[in-house]
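Asks: I'd like to go over a predicted model; first the sequence, then the structure.
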Amino acid sequence: MELSEAVMKRRMVRNFTDDAVPAEDINRILELALHAPSAGFSQGWSFVVVRDEKRRKEIGRIQGEDDHYVGVFGNFVSKAPVLVVACTNEQVYHRRYREPDKIDQDGKEVDWPTPYWFFDVGAATMIILLAVVDMGYAAAFTGTSDPDGIKKLLGIPGEYHPVGVISIGKGAKDKKSPSLKRGRKGLDQVVHHEKW
């Protein structure tokens, strides 16, 4: 599949069949994610793959699907046969930017006006979402509403922050998000040339 086709086909799918997703497919998807850009090649992301049904249901509960999604989309987080919890580690970036090739001329770590650890895990997540489409699957991303609950359930170390859950499986007929009624913004609304 061409990249442009994967981009145009990608959308958040909130219903999945019971079909399994082979481990080798998930591994291939995650191998591609490792090619995302990262500040200073810090690669501060990590991913927890969850297949166990009981654990998926608990993640769905922590994500609030029983309260928030059930009336509109159903239990789509826990219904997916594979969940990938995307995590980032801010400290990896601080340690990297204290290394000799990254410190400033005063021997100090650079200031971080933008928290690139979030940008980088977002870039890796986008690669996952596109790779899922490229391999004939569907996915949805939900931001983590209770990071501490997810960390406790999955034994995620203290330095790591779970930013979201990617539900992956074979897509089934689902309801489109009511947010889509807002319409996609045009280039003229978001692109500025030479200056704003």
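Replies: Looks like it came in fine.

Asks: Can you name the residues that contact the residue lying farthest from the centre of the chain?
Replies: In the chain, the greatest distance from the average C-alpha position (C-alpha atoms, centre = their mean) is reached by residue 106, at 36.2 Å. Contact analysis of residue 106 by C-beta atoms under 8 Å, 6 or more residues apart in numbering lists nothing. Where you see a C-beta, it was placed from the backbone N, CA and C, and this is true even at glycine.

Asks: Doesn't residue 87 belong to a strand?
Replies: Yes: when classified by DSSP: H, G, I helix; E, B strand; the rest coil, residue 87 is found to be part of a strand.

Asks: Now residue 174: closest residue in space that isn't a chain neighbour?
Replies: Using C-beta to C-beta, 6 or more residues apart in numbering and skipping the chain neighbours, the partner closest in space to residue 174 is residue 15 (3.4 Å).

Asks: Could you double-check that the one you found lies in contact with residue 170?
Replies: No: assessed by C-beta atoms under 8 Å, residue 15 is found out of contact with residue 170, at 10.0 Å.

Asks: neighbour count winner among these two?
Replies: Shown here are residue 15 and residue 170; by other C-beta atoms under 10 Å, residue 15 has more neighbours (20 against 17).

Asks: What separation is there between the residue sitting nearest the centre point of the chain and residue 87?
Replies: Against the mean C-alpha coordinate of the chain, by C-alpha atoms, centre = their mean, the closest residue is residue 125 at 3.7 Å. Counting by C-beta to C-beta, to the nearest Å, the gap from residue 125 to residue 87 is 11 Å.

Asks: which helix in this structure runs the most residues?
Replies: As assigned by DSSP state H, the longest helix anywhere in the chain is helix 116-134.

Asks: quick revisit: the residue farthest from the centre of the chain - that's part of a strand, no?
Replies: No: with three-state DSSP as the criterion, residue 106 is coil rather than part of a strand.

Asks: got any ranges where the chain has weak pLDDT?
Replies: Applying pLDDT under 70 to the chain picks out residues 67-74.

Asks: Tell me where it has helices.
Replies: Going by DSSP H, the chain shows helices at 3-9, 23-33, 53-62, 76-79, 90-96, 116-134, 147-154, 187-190.

Asks: Need the ones you listed in a markdown table (columns: distance to residue 160).
Replies: Converted to a markdown table, the helices of the chain look like this (distance: least, C-beta to C-beta, whole Å):
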| stretch | distance to residue 160 |
| --- | --- |
| helix 3-9 | 28 |
| helix 23-33 | 16 |
| helix 53-62 | 16 |
| helix 76-79 | 20 |
| helix 90-96 | 9 |
| helix 116-134 | 10 |
| helix 147-154 | 7 |
| helix 187-190 | 32 |
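
Asks: my guess is residue 58 contacts residue 150, does it?
Replies: No: look at residue 58 against residue 150 with C-beta under 8 Å: they stay out of range, at 9.4 Å.

Asks: Neighbour count: the two, which is higher?
Replies: residue 150 (23 against 17).
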